[in-house]
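# Okay, here's the prediction I keep looking at, along with the sequence it came from:
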Amino acid sequence: MLDVVFIMLIFFIVTTSFVKEAGITVNTPEAETAQRQESANILIGIEESGSIWIDGRPIDVRALKATVARLHAENPQGTVVVQSDEKADTGVLVKVMDQVRLAGIDKIAVASRVAPP
């Protein structure tokens, strides 16, 4: 009986898919040229109100540079994806992208939905 439970535990661990999210749900804008980003390891979310989130925690724009630099040091091959709500202020998006570039990362993508045909 213990063997069966152990095998089931291993099965569930192996088949579990780990999806990294910014921690918030945003309504991203549509784009006809949207492409899937495979190697995103840092997801930054911007709510409609302008609040910024990483890993399910709110973060101040002034602390963003240090946080992104630390996360990028853990996986230097990945990129940053900014998931901004379509009603969020563009100024917040520009500030976030500026802080990411100041952290030394040039691979930045802005998330969008694929527009229906």
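Perfect, thanks for sending it.

# C-alpha from now on. contacts and neighbour counts both.
OK.

# which is the next helix or strand following the helix or strand of the chain with the lowest mean pLDDT?
Each helix and strand of the chain was given a mean pLDDT (mean pLDDT, DSSP states H and E); the minimum falls on strand 30-31 at a mean of 67. Heading C-terminal from strand 30-31, the first helix or strand you meet, by DSSP states H and E, is strand 40-46.

# strand partners of the following helix or strand past that next one, parallel vs antiparallel please.
Once strand 40-46 ends, the next helix or strand along the chain (criterion: DSSP H and E) is strand 52-54. Strand 52-54 pairs in its sheet with strand 40-46 (antiparallel), strand 57-59 (antiparallel), by DSSP bridges.

# So which of these is nearest Pro76?
strand 40-46 (9.1 Å; C-alpha to C-alpha).

# So what's the gap between that closest one and the chain middle?
Remark: strand 40-46 is offset 2 Å from the chain centroid, using C-alpha atoms, centre = their mean, to the nearest Å.
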